[in-house]
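K.L.:
This is a predicted model, with the sequence first.
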There are 2 protein chains.
Amino acid sequence: MTNIKDVAARAGVSVTTVSRVLNQHPYVSEQKRKAVLRAIDDLDYYPNINAVHLSIGKTHLMGVVLPYTDHPYFGLLLKGIAKKALEHNYKLVLFQTDYQKRVELEALQMLKTKQIDSLIICSRGCKWSIIEEHLQYGPIVVAEKREDQPVSATYVDHYASFTAALDYLYEKGHRKIGYTISRVTGTSSRDRDQAYKDFIKRHGLVYRADYIIDKCLYFEDGKKVIEHLQSISEPPTALLATSDQVAAGVMLCCHQMHIKVPEELAIIGFDNQPIAKMMNITTMEIPLEHMGEHLFEQALGGGVNSKEVTVSLIERGTV
Amino acid sequence: MTNIKDVAARAGVSVTTVSRVLNQHPYVSEQKRKAVLRAIDDLDYYPNINAVHLSIGKTHLMGVVLPYTDHPYFGLLLKGIAKKALEHNYKLVLFQTDYQKRVELEALQMLKTKQIDSLIICSRGCKWSIIEEHLQYGPIVVAEKREDQPVSATYVDHYASFTAALDYLYEKGHRKIGYTISRVTGTSSRDRDQAYKDFIKRHGLVYRADYIIDKCLYFEDGKKVIEHLQSISEPPTALLATSDQVAAGVMLCCHQMHIKVPEELAIIGFDNQPIAKMMNITTMEIPLEHMGEHLFEQALGGGVNSKEVTVSLIERGTV
DNA sequence: TTGTACGCGTTATCAT
DNA sequence: ATGATAACGCGTACAA
């Protein structure tokens, strides 16, 4: 590998001058600049980025922690992040965790060892205290609500948006409302659960554990949902789906089983993805791509600030 | 940042000994090892990975070039790659190109400047000669068929699988067959187009440009497809969809428009994704996740070898 | 405007 | 078994 020294020798100048040319610094005569450029060309020289990183202490690499990449929710978040990364000439290091803490810790470790400049955590698995410990090594931003914490965050208020959806269904006359979640653990599921319990309490309804369906993430989980609902007594008249994907899957199954939507089952999705528009699904719009962009900019900026994104109801044909 | 020198001083040994302890080399007395470990603990020392990379000339970073992350096709490919990366303790640097050559060139550049050890190109946009030029800097593997080239590849024979699907439809009595593609450029679209033309010729059918529908990638593109088919004279009786996503979208539209599948329109998808199983869609199975795994291992291995993955017809209810 | 020399943090070589 | 030191390739005070 030819290095800066070789170039300097060939051009008959010092390495400093070569470095100056490389980094477009001022104070280098046109004559020497030409000589350097020619030498670079002759020797097919290109800098070793690791040496640059070691020297300046930055990598232009940003870490992104998320559980899956093959799910539209994180896919859209990632799309927003990637868009901004492209703009700012940053590269992304992907940590697909499958909810394994180990992978998340490795990301934190890479921040500590300066292999990445900053870290975006889209879905946290490890304890909060571990995040805090690593804040000293570089900017960390999360996609969850953390009040009074020295961490930047862009998040959806799942409690509020879930409550809004429940209230909307209540207004429409529904009293038996079920919902699906992706997994029992996780902050968003917990928030939704709390919102549901408070809603039940506020309206004096009965809490039924069998109205809650776990592990619903994908389109194809719709089948499971319908099968479950048909297996219980007094099935709900309305369903809050984890996402538009799940809502769409449920709708398709309703078609197949000749269950009328919304007459026999009302459905609300989340995200407002294209599929919801196409299938005319009422949904709570979450600007995922925009969230991703904002997460990136927070990570880049380094300062600490929190942003709650607005979720709005899109009324369509499934309620 | 405390460094190896500080540790050495604190432990009363040389940096070499510290390095030996760090890298579990032999020839270090138990006594000194203990001292070093204590010093590491006392000082909260952790190595600067960039320095390690500079020294050993490797980064344990693998680049992945793909157009989108929010599409199930690439999502699954990426999933396979990520799985193997996890196993081998590699990290992935993602290059989401949106089919911009610039981003692809940056990936190649990062290989050249040793910021990544190797590169997986899932969808190529730049000229082949550019790829060849960069082979000297590290392993590059591609997801397309390249015969007699010094590059590793894992790919689907799109020509063969498309031909197989066409023949299957022909056997079933179809003579007017349309198909959708994601974009006019791109190797897979070209292969499919060629297969179609050859098929037409072999059976003495007429080639109709309006049987080919461009820019179909997502579920929601199904609507566009149906609208197009209804706008032309003598619409096809069978359709080869870009992917199961598109096939599913088309099917849903057929439901909505009361078009009977397969009686009025037969449909074949590609990939055999979960959605195809759920909707009982006949499809050509492509083992995407497995392809991703194989791509990673080729990139890791460094040798040159080609693998054509087998595509098989899954007969279900849409033909 | 240019160059020398050192620092970044680690590994590898070669003595001892 | 251990350590001094060169090497990795680059950026940048500081001196000239």
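P.N.:
Okay, I see it.
K.L.:
contacts and neighbour counts: CA atoms only from here.
P.N.:
OK.
K.L.:
Against residue B:261, how distant is the residue nearest to residue A:100 when sequence neighbours are not counted?
P.N.:
Excluding the flanking residues, the one nearest residue A:100 by Cα to Cα, 6 or more residues apart in numbering or on different chains is residue A:125, at 7.2 Å. From residue A:125 across to residue B:261, the span is 44 Å (Cα to Cα, to the nearest Å).
K.L.:
sorry, back to before: can you get me a residue count around the residue nearest to residue A:100?
P.N.:
22 (other Cα atoms under 10 Å in any protein chain shown).
K.L.:
Please apply the same query to residue A:263.
P.N.:
For residue A:263, the count of nearby residues is 11 (other Cα under 10 Å).
K.L.:
where's it, which helix or strand?
P.N.:
Assigned by DSSP states H and E, residue A:263 belongs to neither a helix nor a strand.
K.L.:
repeat for residue A:284
P.N.:
Assigned by DSSP H and E, residue A:284 belongs to strand A:283-285.
K.L.:
can you give me the strands for the stretch 151-300 of chain A?
P.N.:
Counting by DSSP state E, counting those that start in this stretch, the stretch 151-300 of chain A has strands at residues A:152-156, A:177-180, A:212-213, A:238-240, A:266-271, A:283-285.
K.L.:
mind checking which of those is nearest chain B?
P.N.:
strand A:266-271 (14.0 Å; Cα to the nearest Cα).
K.L.:
Now do the buried residues in the closest one.
P.N.:
Neighbour-count burial for strand A:266-271, counted by 16 or more other Cα atoms under 10 Å in any protein chain shown, picks out A:266, A:267, A:268, A:269, A:270, A:271.
K.L.:
hang on, the earlier thing: off-centre distance for the strand holding residue A:284?
P.N.:
17 Å (Cα atoms, centre = their mean, to the nearest Å).
K.L.:
by contact count, what packs against it?
P.N.:
strand A:266-271, strand A:312-314 (3 or more Cα pairs under 8 Å, 6 or more residues apart in numbering or on different chains; DSSP states H and E).
K.L.:
average pLDDT for it?
P.N.:
Strand A:283-285 shows a mean pLDDT of 97.
K.L.:
got it, and stretch A:162-176?
P.N.:
97.
K.L.:
Buried ones in that stretch, by neighbour count?
P.N.:
Here stretch A:162-176 shows A:162, A:163, A:164, A:165, A:166, A:169, A:170, A:174, A:175, A:176 as buried, counting by 16+ other Cα under 10 Å.
K.L.:
same thing with stretch A:199-210?
P.N.:
A:199, A:200, A:207, A:210.
K.L.:
Just give me the closest of those residues to chain B.
P.N.:
Nearest member of the buried residues of stretch A:199-210 to chain B, counting by Cα to the nearest Cα, is residue A:210, at 23.7 Å.
K.L.:
Thought residue A:232 was touching that closest one, still the case?
P.N.:
Yes. Assessed by Cα atoms under 8 Å, residue A:210 is found in contact with residue A:232 at 7.5 Å.
K.L.:
what residues are up against residue A:79?
P.N.:
Residue A:79 sits next to A:289, A:292, B:68, B:69, B:70 when contact means Cα atoms under 8 Å, 6 or more residues apart in numbering or on different chains.
K.L.:
Roughly how far does the second one sit from DNA strand D?
P.N.:
Distance, residue A:292 to DNA strand D, using Cα to the nearest atom of the strand, to the nearest Å: 30 Å.
K.L.:
What is the burial count for that residue?
P.N.:
Count around residue A:292 with other Cα under 10 Å applied: 26.
K.L.:
So it versus residue A:74, what's the distance?
P.N.:
9 Å.
K.L.:
can you map out the strands along the stretch 1-150 of chain A?
P.N.:
Secondary structure of the stretch 1-150 of chain A by DSSP E, counting those that start in this stretch: the strands cover A:61-66, A:91-96, A:118-121, A:140-142.
K.L.:
so what's the residue in chain A that DNA strand C sits nearest to up against?
P.N.:
Using Cα to the nearest atom of the strand, the closest approach of chain A to DNA strand C is made by residue A:28 at 3.0 Å. Contact analysis of residue A:28 by Cα under 8 Å, 6+ apart lists A:17, A:20, A:21.
K.L.:
Against residue A:20, how distant is it?
P.N.:
Counting by Cα to Cα, the gap from residue A:28 to residue A:20 is 7 Å.
K.L.:
what does residue A:107 give?
P.N.:
Residue A:107 is 34 Å from residue A:20, by Cα to Cα.
K.L.:
Equivalent analysis for residue A:151, please.
P.N.:
From residue A:151 across to residue A:20, the span is 37 Å (Cα to Cα).
K.L.:
and the two? which has more neighbours close in?
P.N.:
Neighbours per residue, other Cα under 10 Å: of residue A:151 and residue A:20, the larger number sits with residue A:151, 21 against 16.
K.L.:
burial measure for the closest residue to the more buried one other than its chain neighbours, as a count.
P.N.:
What sits nearest to residue A:151 in space, not counting adjacent residues and going by Cα to Cα, 6+ apart, is residue A:304, at 5.7 Å. For residue A:304, the neighbour count with other Cα under 10 Å is 15.
K.L.:
Isn't residue A:304 up against residue A:150?
P.N.:
Yes. Between residue A:304 and residue A:150 a contact is recorded at 6.3 Å, counting by Cα under 8 Å.
K.L.:
just for the stretch 1-150 of chain A, where's the confidence low?
P.N.:
For the stretch 1-150 of chain A, no stretch is flagged by pLDDT under 70.
K.L.:
interface residues of it facing DNA strand C?
P.N.:
Counting by Cα under 7 Å from any atom of the strand, the stretch 1-150 of chain A comes close to DNA strand C at A:12-17, A:26-32, A:51, A:54-55.
K.L.:
again, 6 Å this time
P.N.:
With Cα under 6 Å from any atom of the strand as the criterion, the stretch 1-150 of chain A comes near DNA strand C at residues A:13, A:14, A:15, A:16, A:17, A:27, A:28, A:29, A:32, A:54, A:55.
K.L.:
May I see the helices and strands packed on strand A:283-285 organised as a markdown table, with distance to DNA strand C added?
P.N.:
A markdown table is the format used below for the helices and strands packed on strand A:283-285 (distance: least, Cα to the nearest atom of the strand, whole Å):
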| stretch | distance to DNA strand C |
| --- | --- |
| strand A:266-271 | 44 |
| strand A:312-314 | 48 |
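K.L.:
Mind putting those strands into TSV with mean pLDDT and distance to residue B:241?
P.N.:
Shown next, in TSV, are the helices and strands packed on strand A:283-285 (pLDDT from 0 to 100; distance: least, Cα to Cα, whole Å):
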stretch	mean pLDDT	distance to residue B:241
strand A:266-271	97	26
strand A:312-314	96	30
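K.L.:
which ones are touching the residue nearest to residue A:100?
P.N.:
Contact partners of residue A:125, counting by Cα under 8 Å, 6+ apart, are A:99, A:100, A:101, A:104, A:186.
K.L.:
Quick one, which of those residues are buried?
P.N.:
A:99, A:104.
K.L.:
Now, the contacts of residue A:125 that are in helices?
P.N.:
A:101, A:104 (DSSP state H).
K.L.:
nearest to residue A:155, of the contacts of residue A:125?
P.N.:
Within the contacts of residue A:125, proximity to residue A:155 (Cα to Cα) peaks at residue A:186, which comes in at 13.7 Å.
K.L.:
how far away is that closest one from residue A:239?
P.N.:
Distance from residue A:186 to residue A:239, by Cα to Cα: 20 Å.
K.L.:
Could you find the closest non-adjacent residue to residue A:7?
P.N.:
residue A:39 (5.6 Å).
K.L.:
What residues does the one you found make contact with?
P.N.:
A:7, A:8, A:10, A:11 are the contacts of residue A:39 under Cα under 8 Å, 6+ apart.
K.L.:
and if we set it to 7 Å?
P.N.:
A:7, A:10, A:11 (Cα atoms under 7 Å, 6 or more residues apart in numbering or on different chains).
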